[in-house]
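K.L.:
Build me a structure from this.
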Amino acid sequence: MPLYLGVMSGTSLDGLDIALIEQSEKTTLLATHYLPMPEELRAELLALCAPGPDELARAAMAEQHWVRLAAQGIQTLLHQQALNSASIRAIGSHGQTIRHEPARGFTIQIGNSALLAELTGISVVSDFRRRDIAAGGQGAPLVPAFHEAIFGERHSYRAILNVGGFSNLSLLAPDRPVRGFDCGPGNVLMDAWIQRQRGDSYDRDGAWAASGKVQPELLEALFNEPFFKTKGPKSTGRELFNLDWLDQHLDKHPPYAEADVQATLLELTAISIAKALRSAQSETKELLVCGGGAHNRTLMTRLAALLPDCAVNSTQSHGVPADWVEAMAFAWLAHCCLEGIPANRPSVTGASGLRVLGAIYPA
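P.N.:
Below is the predicted model of the structure:
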């Protein structure tokens, strides 16, 4: 059976996820490997998400660093599995998003796929988002088609929630095309706030947020952002939700305790997800959570409380580890591209039709 690798680094910028799958009638996860993001590279990728000097050269250098890290991880995984490059049909590489502005007709993921093919000796499929945007879509989220393939059931109303830097929903229902959209911030604001205030990269288990109190005035102000009032198809990114955006709101209010801000940011994430799900698919009986947010106990507890008629579980409960769903998805997207299978969903992105996604860089 064909083997594929998926390489994913998301908006959290914590590291690279590499998943090895076997693709037949179903997708089977065989092995995984994780590489922490070097701090120097993380800082540069984060800086490239906003305008700055000499961006073209800096982006070109950063993507070379990213690719060499990915190639290193791929070689390690292959060695661990006693495989060689000839064993792998293709790598599905998401690259690293540094800008996502579909309203202006573009999205940018850096990742130098030609170099990745050269370093690994494996064909690379990448640049999955731009074809959907060319067809009038948002270019995101791309994972709902994969969620449908592995979690869809004929008689079940189910939703899949990915909580990475941002949160997005895939809505699965009988006799209805899969739908999906970004809900808003996932971990991005919570991670940025705790890193600024305490020097930690993330709030383990949501413990710091749990120690604070939600501030209703601040929460209401944050929810005044127009993004929350729009319906899908929609997507968002660091261009909107970032520390500057948060600071603009904090400057208009009395000083809050640092933990109270963290508690309010977690509540923003939880309520935006719950409201979006109730509005878009009120019949949902099960919410399966993947991404880093699945490990945030405080967030999972809040989601369960806000959605009392819906069972909230990790995707692990269905045999798919929460940390590896997106990397698996990009391996699957590479398979779809090589087989000529359309992998966008107009009901999700708003594109004018189904499209085969990705550009191929032969080994």
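
K.L.:
For the protein, which segments count as strands?
P.N.:
Under the criterion DSSP state E, strands of the chain are mapped to 3-8, 15-23, 27-36, 90-93, 96-101, 106-110, 124-126, 158-163, 166-173, 176-185, 286-290, 311-314, 359-361.

K.L.:
average model confidence for the biggest helix by length in the chain?
P.N.:
Determined from DSSP state H, the single longest helix within the chain is helix 55-80. The average pLDDT within helix 55-80 is 97.

K.L.:
Tell me how many other residues crowd the closest residue to Arg278 other than its chain neighbours.
P.N.:
Closest residue to Arg278 apart from its sequence neighbours, by CB to CB, 6 or more residues apart in numbering: Leu307 at 7.5 Å. Yep, even glycine has a C-beta here, placed from its N, CA and C like the rest. Neighbour count for Leu307, taken as other CB atoms under 10 Å: 18.

K.L.:
again with the one 5 residues further on
P.N.:
Other residues within reach of Val312 by the criterion other CB under 10 Å amount to 22.

K.L.:
One more: the one 5 residues further on?
P.N.:
The criterion is other CB under 10 Å. On that basis, Ser317 has 12 neighbouring residues.

K.L.:
on that earlier part again, and the longest helix of the chain, which residues are buried?
P.N.:
Under the neighbour-count criterion of 16 or more other CB atoms under 10 Å, helix 55-80 has 59, 62-63, 66-67, 69-71, 73-75, 77-78 buried.

K.L.:
circling back to that earlier point, from Val289, how far out is the residue nearest to Arg278?
P.N.:
Here the criterion is CB to CB, to the nearest Å. By it, Leu307 lies 11 Å from Val289.

K.L.:
my guess is Arg129 meets Ala140, correct?
P.N.:
Yes - applying CB atoms under 8 Å, one finds Arg129 in contact with Ala140, separated by 6.4 Å.

K.L.:
overlap in contacts of these two?
P.N.:
Residues touching both Arg129 and Ala140 (CB atoms under 8 Å, 6 or more residues apart in numbering) are His100, Thr107.

K.L.:
Number of residues surrounding the nearest residue to Leu48 once chain neighbours are set aside?
P.N.:
Nearest residue to Leu48, sequence neighbours excluded (CB to CB, 6+ apart): Ile98, at 4.4 Å. As a burial measure, Ile98 scores 22 neighbours (other CB under 10 Å).

K.L.:
picking up where we left off before, what's the longest helix of the chain packed up against?
P.N.:
strand 3-8, strand 15-23, strand 27-36, helix 39-47, strand 96-101, strand 106-110, helix 113-120 (3 or more CB pairs under 8 Å, 6 or more residues apart in numbering; DSSP states H and E).

K.L.:
what lines up beside the second one in the sheet?
P.N.:
Taking DSSP bridges as the criterion, strand 15-23 forms sheet pairs with strand 3-8 (antiparallel), strand 27-36 (antiparallel).

K.L.:
want to throw the ones you listed into CSV with mean pLDDT?
P.N.:
Listed next are those as CSV, based on pLDDT from 0 to 100:
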stretch, mean pLDDT
strand 3-8, 97
strand 27-36, 97
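
K.L.:
what's the most buried one of these?
P.N.:
Of all these, strand 3-8 has the most neighbours on average by mean count of other CB atoms under 10 Å, namely a mean of 27.

K.L.:
Return the distance of that one from the chain's centre.
P.N.:
Computed by CA atoms, centre = their mean, to the nearest Å, the chain-centroid distance of strand 3-8 equals 15 Å.

K.L.:
and Asn296, how many neighbours does it have?
P.N.:
Neighbour tally, Asn296, other CB under 10 Å: 28.

K.L.:
Quick check: it vs Asp127, distance?
P.N.:
Taking CB to CB as the measure, Asn296 and Asp127 are separated by 31 Å.

K.L.:
and what of Ala270?
P.N.:
Distance from Ala270 to Asp127, by CB to CB: 33 Å.
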